[in-house]
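A.B. asks: heads up, no residue letters with this:
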């Protein structure tokens, strides 16, 4: 850590150049004339030459050649002239050779990228104050210059660490020094008397994207949006943490300007084409800035590395690793292959235990919210140690691969099959019923027994013992995931104890759930339509694939279709608070709903008839009028005459 006073008391602290200081003073006064601006500029011949060069560059887009400084000031405007003069002066006073020469060059190169990007974005959006934003981009990282000049010895390790660890510079500054260039830059601007708006843009330009949702005023401030994006472009082009910079840049571009990735790629190409000219104005060599294609390759390489690192992180990973893992999960499809390698078992290519546990946790949470069943099948190879000892470990590996392959071909695409450990395998069944999970367990057992596996031309029969469990998680059952796996595991051992090569099922649902759940499956709208001949099964399945069901609470649905009144719903919820039971079970206990009516409500919740009807009409499988009458008939059958009378 460093005492900030060491910065402010240093004789090397950058001071505002005389010409720039005078220009800033003049630009604040509405009475300032062009002659005063010109006279001030002419006091520094080097700045005059550079301004003439700038005015004739494509960056400022003048239609005819500018030959005099008087003409340049008129055409460029006082803001642009002040920005360029300030930049020229600061560059001249900060050029440094030796060990820090590269750091100074890097700072100015990134500042020119900021300025170029800010001006181009302002021009793209037809913003009036393009030159103000050019100046803001040039000075966003001014604190870096101050730290390089005043605490060079302490700052060099910060630069080295950020580069070697591919981390954002301001993050390493805070970690190693306790202060960042953002804070230093704002204080220096305050001492120079720079506008408050410029200090505000500097304050925000590195803020995390997570803060945006809590600060909607950022979206309303075009200057903040532009400078935050230009800072992200600068980090992407010039920093070592290109992977994280690209991720941040894409988020900001989409949130602030509705950019697609393709839009952003085009903009970055335009920026790269203009960087050389801007850098040339300040005598900075921009040849080291990679092309957009090279930048993307570097960023993707870093993102891929972060993906693998995040997957290998343990519970002891530090906060930064956890944050990186959170960001990596959102990476695009191009990183899917590397991600798959991290979540797959290398021997069988099945999902590994970590992926299964995470999937089970999410499924338990979902099924707890919507009172749906979770199903798990647990199986392992019988007498596997004997096979290993008799035929060798290579054959044992082949057994595991064959078991995995056969089981995978037996299951549905939505089911998750994983290697749990050793010769143990586990399956998370999608939308199970008791009959479904029992049939699937038996199919796994029989298909593996029937598979052909040979060792030196001798067929070896491999069998598995299978246990299965199904439950609708209770709202207060925090260990539901581990409980159902344990139940399936115990069922498997029962199968082994009974002679192996068998299936055992444990239905852990309550008596009430076992009564209701089969009725729910029977009373879904899609099944009802098929039973009435309104659609055929294949068309119903096609519509369901594209149907997005809005998950409403049972009470909301019941009130909408006239099955429960507001006072009855309130009474049910009071009963929930007292008993801890689910809404439907309390409603049945209080006599407000029958079991059949409750099953109908849950079916409606899981498969909204109106959402399915919209999709059927969109696919041209029925008309809107016909479907509306079918929904009325379906609701009548589900709820009875009381609800129909309420709807009428």
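C.D. replies: Done, it's in. Everything numeric in this text was worked out from a predicted model, so none of it was measured. Numbering: from 1, shown residues only.
A.B. asks: what's the domain layout of this structure?
C.D. replies: Domain assignment of the chain by automatic domain parsing yields the ranges 9-94, 96-289, 299-343, 353-509, 518-647.
A.B. asks: centre of the chain to the second one, how far?
C.D. replies: Using C-alpha atoms, centre = their mean, to the nearest Å, the distance from the centre of domain 96-289 to the centre of the chain it belongs to is 23 Å.
A.B. asks: and the strands in the protein, which stretches?
C.D. replies: 374-381, 416-421, 424-429, 454-455, 458-459, 464-471, 503-507 (DSSP state E).
A.B. asks: may I see the buried residues of whichever helix in the chain runs longest?
C.D. replies: The longest helix of the chain (DSSP state H) is helix 101-124. Along helix 101-124, these residues count as buried under the neighbour rule (16 or more other C-beta atoms under 10 Å): 103-122. Placement of C-beta: from N, CA and C, glycine included.
A.B. asks: in the stretch 1-150 of the chain, where is pLDDT below threshold?
C.D. replies: 16-17, 28, 46, 58-64, 89, 91-99 (pLDDT under 70).
A.B. asks: change it to 80
C.D. replies: Scanning the stretch 1-150 of the chain for pLDDT under 80 picks out 14-38, 40-101, 127-131.
A.B. asks: please, where are all the helices along it?
C.D. replies: 5-8, 18-28, 34-42, 45-55, 69-76, 78-94, 101-124, 130-139, 142-150 (DSSP state H, counting those that start in this stretch).
A.B. asks: which elements pack onto the third one?
C.D. replies: Contact analysis of helix 34-42 by 3 or more C-beta pairs under 8 Å, 6 or more residues apart in numbering; DSSP states H and E lists helix 18-28, helix 45-55, helix 69-76, helix 78-94 as its packing neighbours.
A.B. asks: what residues of the first one count as buried?
C.D. replies: What it means is helix 18-28. Of the residues in helix 18-28, 19, 20, 21, 22, 23, 24, 26, 27 count as buried by neighbour count, 16+ other C-beta under 10 Å.
A.B. asks: so what touches it?
C.D. replies: The contact list for helix 18-28 (C-beta atoms under 8 Å, 6 or more residues apart in numbering) reads 16, 32, 36-37, 40-41, 43-44, 47, 78-79, 81-82, 85-86, 89-90, 192-194.
A.B. asks: make it 6 Å
C.D. replies: For helix 18-28, contacts defined as C-beta atoms under 6 Å, 6 or more residues apart in numbering pick out 32, 36, 37, 40, 44, 78, 82, 85, 86, 89.
A.B. asks: kindly report the same for the shortest one.
C.D. replies: Contacts of helix 69-76 from elsewhere in the structure, counted by C-beta under 6 Å, 6+ apart, are 34, 37, 38, 41, 48, 51, 52, 55, 62, 66, 81.
A.B. asks: please report the distance of residue 21 from residue 272.
C.D. replies: As judged by C-beta to C-beta, to the nearest Å, residue 21 and residue 272 stand 34 Å apart.
A.B. asks: ok, residue 252 next?
C.D. replies: 18 Å.
A.B. asks: which of the contacts of helix 18-28 are buried, as a PyMOL select command?
C.D. replies: A single PyMOL command is used to select the members of the contacts of helix 18-28 judged buried by 16+ other C-beta under 10 Å:
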select buried, resi 36+37+40+44+78+82+85+86+89
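A.B. asks: need the contacts of helix 18-28 in JSON lines (columns: distance to residue 417).
C.D. replies: Converted to JSON lines, the contacts of helix 18-28 look like this (distance: C-beta to C-beta, whole Å):
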{"residue": "32", "distance to residue 417": "76"}
{"residue": "36", "distance to residue 417": "79"}
{"residue": "37", "distance to residue 417": "75"}
{"residue": "40", "distance to residue 417": "76"}
{"residue": "44", "distance to residue 417": "74"}
{"residue": "78", "distance to residue 417": "70"}
{"residue": "82", "distance to residue 417": "67"}
{"residue": "85", "distance to residue 417": "68"}
{"residue": "86", "distance to residue 417": "64"}
{"residue": "89", "distance to residue 417": "67"}
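A.B. asks: looking at the contacts of helix 18-28, spot the one nearest residue 460.
C.D. replies: residue 86 (81.5 Å; C-beta to C-beta).
A.B. asks: so what's the closest one up against?
C.D. replies: residue 20.
A.B. asks: try 10 Å this time
C.D. replies: Neighbour list for residue 86: 16-17, 19-21, 23-24, 47, 135, 138-139, 192, 194 [criterion: C-beta atoms under 10 Å, 6 or more residues apart in numbering].
A.B. asks: again with residue 631
C.D. replies: By C-beta under 10 Å, 6+ apart, the contact set of residue 631 is 525, 529, 561, 609, 610, 612, 613.
A.B. asks: biggest separation within those, which pair?
C.D. replies: Farthest-apart pair in these is 529 and 561; separation 17.5 Å (C-beta to C-beta).
A.B. asks: so between the two, which is more surrounded?
C.D. replies: Taking other C-beta atoms under 10 Å, residue 529 and residue 561 do not tie; residue 529 has more neighbours (26 against 22).
A.B. asks: give me the nearest residue to the more buried one, chain neighbours excluded.
C.D. replies: Nearest non-adjacent residue to residue 529, counting by C-beta to C-beta, 6 or more residues apart in numbering: residue 535, 4.9 Å away.
A.B. asks: ok, and what's touching stretch 250-265?
C.D. replies: Identification of contacts with stretch 250-265 by C-beta under 10 Å, 6+ apart yields 121, 124-125, 209-210, 212-213, 218-219, 222, 224-226, 228-233, 236, 246, 249, 266-268, 292-293, 296, 327, 330, 332.
A.B. asks: switch the cut-off to 6 Å
C.D. replies: 209, 225, 228, 229, 232.
A.B. asks: now the residues you listed: which count as buried?
C.D. replies: Buried members of the contacts of stretch 250-265, scored by 16+ other C-beta under 10 Å, are 225, 228, 229, 232.
A.B. asks: just to revisit the earlier point, can you select the buried ones from the contacts of residue 631 in ChimeraX?
C.D. replies: The following ChimeraX line selects those of these that are buried, judged by 16+ other C-beta under 10 Å:
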select :525,529,561,609,612,613
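A.B. asks: mind putting the contacts of residue 631 into CSV with pLDDT?
C.D. replies: Listed next are these as CSV, based on pLDDT from 0 to 100:
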residue, pLDDT
525, 90
529, 91
561, 86
609, 90
610, 88
612, 90
613, 89
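A.B. asks: of the contacts of residue 631, which belong to helices?
C.D. replies: Residues of the contacts of residue 631 located in helices (DSSP H): 525, 529, 609, 610, 612, 613.
A.B. asks: which of those lies closest to residue 345?
C.D. replies: residue 612 (38.1 Å).
A.B. asks: for the nearest residue to the closest one once chain neighbours are set aside, give its distance to residue 558.
C.D. replies: The shortest distance from residue 612 to any non-neighbouring residue, by C-beta to C-beta, 6+ apart, is to residue 547 (5.1 Å). According to C-beta to C-beta, residue 547 and residue 558 sit 22 Å apart.
A.B. asks: for residue 350, grab phi and psi.
C.D. replies: Phi and psi for residue 350, reported as degrees, to the nearest 10, are phi -80, psi 170.
A.B. asks: pretty sure it is in contact with residue 416, am I right?
C.D. replies: No: using C-beta atoms under 6 Å as the test, residue 350 is too far from residue 416 to be in contact (9.2 Å).
A.B. asks: and those two? Which one has more around it.
C.D. replies: It is residue 350, of residue 350 and residue 416, that has more neighbours when counted by other C-beta under 10 Å, with 26 against 18.
A.B. asks: residue contacts, the more buried one?
C.D. replies: Applying C-beta under 6 Å, 6+ apart, the residues near residue 350 are 404, 417, 418, 419.
A.B. asks: rewinding a little: relative to residue 436, which of the contacts of helix 18-28 is nearest.
C.D. replies: Residue 436 lies nearest to residue 86 out of these, by C-beta to C-beta, at 72.5 Å.
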